[in-house]
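**Q** this is the structure alone, sequence omitted:
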């Protein structure tokens, strides 16, 4: 990277008129603020309410934290480029954005597997749940998700950092993604492309198979529940996670299981916007809508904030 003749990239982003870019900026800004507020709300609820100090909600709180990190890597720069005249980013900054984005994305895959495992233990082995999924063990699983992501991304991170860029320097995307970077490299990218392809298939399909295996066992356990109420209650504990998994993997598979340098980028932009901007806002809404404990915790938190204020005004 020190020998690259290119010192910065131009993020082409969205080819729209200035007025449309302003409208898009307002829409994305509102979505981003809602994403921060919704995910921060879940983190605060899990931290403040002792009834939510369980593995299921610890995983959900960390998932919300990961969503905040996930969007913070790309969305602020995208918003700045929509209304700014300068849409450049340094080579080092671009590669750093790619690294952190990949780290958050990989960790989200492993965390979704961990959440599926938590539901598997809760439904298939309810009597042993407390002994298996303790809070300490849950924290170890969360740390393992980050550790596995760091280790698995070490080789592709090194290969991307050693790419040579000599021009042109225009990235046809709104963030520094793997394929556009390879397309601009002057060096042979076969090894980097091969490593990325293998890693994408292993992480995406491997995690998806683990989640599918968990839900096959969960469905089998739910079928064997004698009462219809028990079946509905068991299914409701998995419905939110299953919906989030479906949305997340539907978009990720569309993009990252076709990682060719010459793949058309324009068709991926809309899908990228969906899973980078829209999905992190939908996830906390999905979980809150389907979870009665979270709704009750939110009501109690609002009451604890407003009640002392109301009593003070009366005095």
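**A** Thanks, I have the structure now. Keep in mind that this is a model prediction, so the values were computed, not measured.

**Q** point out where the protein drops to low pLDDT.
**A** 1-4, 257-267, 289-290, 308-315 (pLDDT under 70).

**Q** can you show me the strands along it?
**A** 8-11, 88-90, 170-171 (DSSP state E).

**Q** can I get these in JSON lines with mean neighbour count and distance to residue 270?
**A** (C-beta placed from N, C-alpha, C; glycine too.) Shown next, in JSON lines, are the strands of the chain (neighbours: other C-beta atoms under 10 Å; distance: least, C-beta to C-beta, whole Å):
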{"stretch": "strand 8-11", "mean neighbour count": "18", "distance to residue 270": "17"}
{"stretch": "strand 88-90", "mean neighbour count": "16", "distance to residue 270": "22"}
{"stretch": "strand 170-171", "mean neighbour count": "18", "distance to residue 270": "17"}
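
**Q** for residue 61, which of those is the nearest?
**A** strand 88-90 (31.6 Å; C-beta to C-beta).

**Q** just checking: what are the partner strands of the closest one?
**A** strand 8-11 (antiparallel) (DSSP bridges).

**Q** how far away from the center of its chain is the strand it pairs with?
**A** Centroid separation between strand 8-11 and its chain, computed with C-alpha atoms, centre = their mean, to the nearest Å, is 25 Å.

**Q** what do you get for stretch 101-109?
**A** Distance, stretch centre to chain centre, for stretch 101-109: 7 Å (C-alpha atoms, centre = their mean).

**Q** contact partners of that stretch?
**A** 63, 66-67, 69-70, 73-74, 145-146, 148-150, 152-153, 156-157, 175-178, 203-204, 207, 248, 252 (C-beta atoms under 8 Å, 6 or more residues apart in numbering).

**Q** which stretches of the chain form helices?
**A** Assigned by DSSP state H, the chain shows helices spanning 18-48, 55-72, 75-83, 91-124, 129-132, 135-152, 154-161, 178-184, 190-200, 206-223, 228-256, 266-273, 279-290, 292-314.

**Q** how about those helices, which one is nearest residue 171?
**A** Here helix 178-184 is closest among the helices of the chain (C-beta to C-beta), at 4.6 Å.

**Q** what helices and strands are in contact with that closest one?
**A** helix 91-124, strand 170-171, helix 190-200 (3 or more C-beta pairs under 8 Å, 6 or more residues apart in numbering; DSSP states H and E).
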